[in-house]
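> kindly return the folded structure for what I paste below:
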Amino acid sequence: MGASQRRKGASGEREAAHAARAYWSAPAAVRAALNGVEAAPDLRLALPRSSIEVKRYASHACLRHMDQARTAAELGELPIVLLREDRDTDWYVLLPMEHSLAFSERLATNRGRPIYPAAREDGE
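Prediction:
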C-alpha cells in the first residue's frame, strides 16, 4: 500500500472515530493505528465487544441501494438496506450512521427486550 493510500485510510479512520463519538456516544473511540498489523480492527473503544473496520473509497456500489432506500423512506422512516451475496447465507444491514441509535431503539422495541440482554436460559 502506498503512502497516499495509508494517509487516506488514516484520515478515514479519524473521521469514523469522530462520527462514533458523535453518533454512538463513544467519547473514547480512537483509531487503532497499530502500524500494519493485519488482524487488528480500525477503531477501538467505539462499541463494547465489537471489531470495526473502516472503508473509505471514492465510491461504494452498495450506496446506490441506499439512495433508493432514502428515496422510498417516508417521513420518520429509517432508510435501511439488507445485503447478501449469492452463495452466502449471511445478511448484512446498511444504514446511515446517524440513524444507528434510532435503529437500535426500534430493534429493541421490536424484540420487546434490551439490545444486550442477560443470557437467556434457552441459550439465545
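> tell me where this protein has strands.
Taking DSSP state E as the criterion, the chain contains strands spanning 30-31, 43-44, 81-83, 92-94.
> any stretches of this structure with poor pLDDT?
Along the chain, segments meeting pLDDT under 70 span 33-38, 112-124.
> tell me which stretches of it form helices.
Using DSSP state H, the helices of the chain run over 3-23, 62-72, 100-111.
> residues of stretch 50-66 that come out buried?
Neighbour-count burial for stretch 50-66, counted by 16 or more other CB atoms under 10 Å, picks out 52, 54, 66. From N, CA and C alone the C-beta is placed, and that goes for glycine too.
> my guess is the last one contacts P96. True?
Yes. In terms of CB atoms under 8 Å, M66 counts as a neighbour of P96; the distance is 7.4 Å.
> what's the overlap in contacts for the two?
P79 (CB atoms under 8 Å, 6 or more residues apart in numbering).
> follow-up on the earlier one: among the strands of the chain, which comes closest to L75?
Closest to L75 of the strands of the chain is strand 81-83 (CB to CB; 19.0 Å).
> residues in contact with the closest one?
Taking CB under 8 Å, 6+ apart as the rule, strand 81-83 contacts 62, 65-66, 68-69, 91-95.
> next, give phi and psi for S25.
phi 50, psi 50 (degrees, to the nearest 10).
> which parts of this structure belong to which domain?
1-56, 60-117 (automatic domain parsing).
> most tightly surrounded among the ones you listed?
domain 1-56 (a mean of 14; mean count of other CB atoms under 10 Å).
> do me a favour and get the end-to-end distance for that one?
14 Å (CA to CA, to the nearest Å).
> ditto for stretch 52-66
Stretch 52-66 end-to-end distance (CA to CA) = 20 Å.
> work out which residue lies at the spatial centre of the chain.
M97 (6.6 Å; CA atoms, centre = their mean).
> any idea how far I52 is from that one?
The spacing between M97 and I52, counted by CB to CB, to the nearest Å, is 11 Å.
> L95 contacts P79, doesn't it?
Yes. Between L95 and P79 a contact is recorded at 6.6 Å, counting by CB under 8 Å.
> which neighbours do those two share?
M66.
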